[in-house]
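**Q** the following block contains a protein sequence and its predicted model.
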Amino acid sequence: MKWLKVKKTEAFDFVCDKIASDKSISHRCAMFALLSDRPSHVRNFLRAEDTLNTLEIVKKLGAEVEDDGFELTITPPEEMREPDDVLDCGNSGTAMRLFCGFLSALPGHYVLTGDKYLRRRPMKRVTKPLTQIGAKIDGREAGNLAPLCIRGQELQSFQYESTIASAQVKSAMILAALRADGPSTYREPELSRDHTERMLRGMGANIESWDTITIEPIRKPLEPLDIMVPADPSSGFFFAVAAAIVPGSHVVIRNVTLNPTRIEAYQVLKKMGVKVVFEEKENRYEPIGDISVTYNGRPKGVEVNERISWLIDELPALSIAMAVAEGESIVRNAEELRVKESDRISCVIAGLQACGIACSEREDGYTIQGGKIHSAQIDSCGDHRIAMSFAIAGLLADMTIKDIDCIETSFPNFLELLGAITEVETWK
Ligand SMILES: O=C(O)C1=C[C@@H](OP(=O)(O)O)[C@@H](O)[C@H](O)C1
Ligand SMILES: C=C(OP(=O)(O)O)C(=O)O
């Protein structure tokens, strides 16, 4: 098990074009390449554990992958292969849920599994609606927990109204709908990240989204992808919080997706009084540009209770800004945090309490009374976002973090970048 010590730092000015590539988009690049009959070209693919596991699965399904160190060329097989082994999604909920939808309609037998954290996460949210349209999926707790066994077959078209705003559920259903026996519709309570719709549309799929998403089944292979994956705003956000809390600091995060469903946490920082500027530079599949964040005095407390799916992954890091803010901050309607890689409500609160911050949890969120962060020893709970959030808290008071191996799942060069603004030490 790896440990990390982060030292308190002084004002920094950091222009960063090395933030990890977007995880959501990278998963989809690997998977969606299988929907074409020609090679897809993917530059800047995220080389982290989660997305490399997805790429391995795509290879086990018969794709050939050439890698020149910068660009991946993913050539789909003429016919998808039934794998002779289990498909390991590692730590990734996105991989497991999207593959459920993808494989349910593909002839063959597939077993999806993952690490001990993923095998605890609820899968009923995808296995239930998929089963309702004819999918054959089984797993522990009547199909709720991995390992999941899928026997792919023809699926029926559907009209599904989801009770949760989840891009993973939506994407699983869209992937199933692409091979269903007629047009399908999908509704969600509030728009969740929409990379699947944008990318599949860019590949020529007939997907319309207004209040309701309408998906036509594909009658021929889609166009291949030709894409440069932008930087991940969720990864960049750790450095945004760093600039927001260390007096006199400034950061520029370059070439990041500016998709509105992904940058809401930056909008909240702005609401807290931090100076945040977005500069769009191009638009292909997604708007892409730079985000600059400048310290602007002590941030102010804020209440976050809507568009939760637009900032769900950033809430642990945002809680660090809330912990140093003037006044009280409240997070509501965020019960989804409890079923991520860890129970992120309990882990955030336990970590902040260890740092001497007054805070308390509720079923759907937490309340944080802004104060002064003290040195502490924090357990990451095996969760990359908890580990990196408290590493950022360490910029204000030396912090020791237990079990940081999980950072590899989404942001392998995090410590290298953090090392540019402070002293870091790791040991086993
Ligand atoms: O579709 C995606 O790429 C993701 C969707 C979100 O999960 P939910 O769909 O469970 O909200 C998010 O938390 C996850 O990190 C990535
Ligand atoms: C929740 C996350 O990812 P996933 O659901 O893919 O494991 C995350 O990266 O914060």
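**A** Arrived safely. Ligands and ions are numbered 1, 2, ... in the order given.
**Q** so which bits of the stretch 201-350 of the chain are right by ligand 1?
**A** Residues of the stretch 201-350 of the chain found near ligand 1 (C-beta under 6 Å from any ligand atom) are 309, 312-313, 336. No exception for glycine: its C-beta is placed from N, CA and C like everyone else's.
**Q** how about TSV for these, with secondary structure added?
**A** TSV is the format used below for those (DSSP: H, G, I helix; E, B strand; the rest coil):
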residue	secondary structure
S309	helix
I312	helix
D313	helix
E336	helix
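**Q** of these, just say which sits nearest to L396.
**A** Nearest to L396 among those is D313, at 22.2 Å by C-beta to C-beta.
**Q** so that closest one makes contact with R385?
**A** Yes: counting by C-beta atoms under 8 Å, D313 touches R385, with 6.3 Å between them.
**Q** who's more crowded, those two?
**A** Between D313 and R385, counting by other C-beta atoms under 10 Å, R385 is the more crowded of the two (31 against 24).
**Q** you'd agree the more buried one is in a helix?
**A** Yes: if the criterion is three-state DSSP, then R385 is within a helix.
**Q** which non-adjacent residue is nearest it?
**A** P316 (4.7 Å; C-beta to C-beta, 6 or more residues apart in numbering).
**Q** then F414?
**A** F414's closest residue in space is I407 (C-beta to C-beta, 6+ apart), at 5.3 Å.
**Q** quick one, what contacts that neighbour?
**A** Taking C-beta atoms under 8 Å, 6 or more residues apart in numbering, we find I407 in contact with 384, 387-388, 414-415.
**Q** from this protein, which residue is nearest to ligand 2?
**A** Closest residue of the chain to ligand 2, C-beta to the nearest ligand atom: G93 (2.8 Å).
**Q** pLDDT wise, what is that residue at?
**A** Confidence at G93, expressed as pLDDT, is 98.
**Q** same deal with Q132?
**A** Value for Q132, per-residue pLDDT: 98.
**Q** what about the nearest residue to it once chain neighbours are set aside, how many residues nearby?
**A** Using C-beta to C-beta, 6+ apart and skipping residues adjacent in sequence, the residue nearest Q132 is F158, 7.3 Å away. The number of residues packed near F158 is 20, by other C-beta under 10 Å.
**Q** now F158: how far from ligand 1?
**A** Note on F158: its distance to ligand 1, by C-beta to the nearest ligand atom, to the nearest Å, is 19 Å.
**Q** quick one: contacts for that residue?
**A** 129, 132-133, 173, 177, 180, 184-186.
**Q** in its sheet, what does the helix or strand hosting D290 sit against?
**A** D290 is located in strand 286-294, with elements delineated by DSSP states H and E. With DSSP bridges as the test, strand 286-294 is paired with strand 250-257 (antiparallel), strand 275-284 (antiparallel).
**Q** and the chain, which residues reach ligand 2?
**A** So the chain meets ligand 2 at 91-94, 313, 340-341, 385, 410 (C-beta under 6 Å from any ligand atom).
**Q** so which of those is the most crowded?
**A** Going by other C-beta under 10 Å, R385 tops the residues of the chain next to ligand 2 with 31 neighbours.
**Q** coming back round to it: let me know the closest of the residues of the stretch 201-350 of the chain next to ligand 1 to T426.
**A** Nearest member of those to T426, counting by C-beta to C-beta, is D313, at 23.7 Å.
**Q** name the residues linked to the nearest residue to D67 once chain neighbours are set aside by a beta bridge.
**A** Counting by C-beta to C-beta, 6+ apart, T73 is the residue found nearest to D67 once chain neighbours are left out, at 7.9 Å. Counting by DSSP bridges, T73 is bridged to H41, E66.
**Q** residue contacts, T73?
**A** By C-beta under 8 Å, 6+ apart, the neighbours of T73 are 39-42, 65-67.
**Q** tell me the mean pLDDT for stretch 233-252?
**A** On average, stretch 233-252 scores 98.
**Q** burial check on the nearest residue to M228 once chain neighbours are set aside, number of neighbours?
**A** Computed as C-beta to C-beta, 6+ apart, the closest residue to M228 that is not its neighbour in sequence is R43, at 4.5 Å. Using other C-beta under 10 Å, R43 is surrounded by 14 other residues.
**Q** now swap in E64 and tell me
**A** 12.
**Q** thinking again about what came up before, need the contacts of F158 in CSV with secondary structure, neighbour count and distance to S24, can you?
**A** Shown next, in CSV, are those (DSSP: H, G, I helix; E, B strand; the rest coil; neighbours: other C-beta atoms under 10 Å; distance: C-beta to C-beta, whole Å):
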residue, secondary structure, neighbour count, distance to S24
P129, helix, 20, 21
Q132, helix, 12, 26
I133, coil, 20, 24
M173, helix, 29, 16
A177, helix, 28, 19
A180, strand, 20, 24
S184, strand, 23, 22
T185, strand, 16, 23
Y186, strand, 24, 18
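**Q** farthest pair within these?
**A** That would be Q132 and T185, which, of these, are the farthest apart (C-beta to C-beta) at 14.1 Å.
**Q** spatially nearest residue to T367 (excluding sequence neighbours)?
**A** Per C-beta to C-beta, 6+ apart, closest to T367 is I330, 5.1 Å.
**Q** pretty sure that neighbour sits against S319.
**A** No: at 11.2 Å, I330 does not count as touching S319 under the criterion of C-beta under 8 Å.
**Q** name the residues contacting each of these two.
**A** 366, 368.
**Q** so these two - more neighbours on which side?
**A** Higher neighbour count among I330 and S319: S319, with 28 against 15, using other C-beta under 10 Å.
**Q** and stretch 162-182, what's buried?
**A** 162, 165-180 (16 or more other C-beta atoms under 10 Å).
**Q** residues in contact with stretch 247-254: which ones?
**A** Contacts of stretch 247-254 (C-beta under 8 Å, 6+ apart): 10-17, 19, 231, 233, 236, 239-240, 242-243, 290-295.
**Q** dump that stretch to CSV, restricted to CA.
**A** C-alpha atoms of stretch 247-254 as CSV (Å, rounded to 0.1, in the frame of the first residue of the first chain):
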residue,chain,number,x,y,z
PRO,A,247,-3.6,32.9,-1.3
GLY,A,248,-2.1,34.6,-4.4
SER,A,249,-2.3,31.6,-6.7
HIS,A,250,-3.4,31.2,-10.3
VAL,A,251,-3.8,28.1,-12.5
VAL,A,252,-4.6,27.6,-16.2
ILE,A,253,-6.0,24.3,-17.2
ARG,A,254,-5.5,23.9,-21.0
